[in-house]
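Undergrad: What would the 3D arrangement of this be:
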Amino acid sequence: MKEFLEKFANKMEKINVLYRILICKGIIVLCAAGYLFLFIMPQFDEIQSLHDKNRNLATQLNTTMSKSRKLDYFQQQVMEAENRFDKERRVLPENEEIRRLLESVAQMKQESGLTFTLFRPQKEISKDFYAEIPISMKLTGHFHNVGVFFDKISKLSRLVHINNFNVASAQSEKDISLVVVSCEAITYKFIKQ
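TA: So this is what the prediction gives:
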């Protein structure tokens, strides 16, 4: 190796100073370029890759935060819908509450001074999440008392729908204000799915 360096030094002494400077600069440029391509450029690629990854993560974070804000809104909407459903479901009695509802109607009849000539619950009709329970009714009493009775039914917390309402004059020689009302009261019950 020593011999190689001596031969190289001898050859360099014979070359013009301008060429020696150019050769030294060329060697420096080659070494710098080698260092740049071998050590620095891979770092730039890694830095660029990390910037891209950072941008993707920032986008994912923004999307997730946006969904998070919407999640609170949707959770509130679900809670409100469940509250409305519970409130509406209370209008539909369940099995054990049907008996109490029928007892309430019978008590209202007595309080209103009416006489039932027919009070017959019919077979229930199943629908999607509820069942209809029709009740055939025929009652006799003063017209005003009939109005009071139906007003009390309308104020029940449970839903009762009066259908096929028919009013006729009672055949009484003593009191011409007596009427006979025949109708169908439909109440509903909630069916648990």
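Undergrad: mind listing the strands for this structure?
TA: Assigned by DSSP state E, the strands in the chain fall at 115-121, 125-126, 130-142, 160-169, 178-190.
Undergrad: would JSON lines of those with distance to residue 27, mean pLDDT and mean neighbour count be doable?
TA: To be clear about C-beta, it is placed using only N, CA and C from the backbone, and glycine gets the same treatment. Below are the strands of the chain laid out as JSON lines (distance: least, C-beta to C-beta, whole Å; pLDDT from 0 to 100; neighbours: other C-beta atoms under 10 Å):
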{"stretch": "strand 115-121", "distance to residue 27": "109", "mean pLDDT": "83", "mean neighbour count": "13"}
{"stretch": "strand 125-126", "distance to residue 27": "96", "mean pLDDT": "86", "mean neighbour count": "11"}
{"stretch": "strand 130-142", "distance to residue 27": "93", "mean pLDDT": "85", "mean neighbour count": "18"}
{"stretch": "strand 160-169", "distance to residue 27": "102", "mean pLDDT": "84", "mean neighbour count": "12"}
{"stretch": "strand 178-190", "distance to residue 27": "93", "mean pLDDT": "85", "mean neighbour count": "19"}
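Undergrad: I'd like these written out as TSV, with distance to residue 52 added.
TA: Putting the strands of the chain into TSV (distance: least, C-beta to C-beta, whole Å) gives the following:
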stretch	distance to residue 52
strand 115-121	73
strand 125-126	60
strand 130-142	57
strand 160-169	65
strand 178-190	56
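Undergrad: Next, the angle from the top helix by length along the chain to strand 130-142.
TA: What stands out as the longest helix in the chain, according to DSSP state H, is helix 41-89. With axes from the mean of the first three to the mean of the last three C-alpha atoms, to 10 degrees defining the directions, helix 41-89 sits at 30 degrees from strand 130-142.
Undergrad: roughly how far out does helix 41-89 sit from the chain middle?
TA: Distance, stretch centre to chain centre, for helix 41-89: 17 Å (C-alpha atoms, centre = their mean, to the nearest Å).
Undergrad: swap in stretch 154-169?
TA: Relative to the centre of its chain, stretch 154-169 is centred 36 Å away, using C-alpha atoms, centre = their mean.
Undergrad: care to break this protein down by domain?
TA: Using automatic domain parsing, the domains assigned to the chain come out as 2-85, 95-190.
Undergrad: Lowest average confidence across those, which one?
TA: The stretch with the lowest mean pLDDT among these is domain 95-190, at a mean of 81.
Undergrad: which residues touch residue 182?
TA: 118, 136-138, 164, 166, 168 (C-beta atoms under 8 Å, 6 or more residues apart in numbering).
Undergrad: quick one: which of those residues is nearest residue 19?
TA: For these, the closest approach to residue 19 (C-beta to C-beta) belongs to residue 164, at 119.5 Å.
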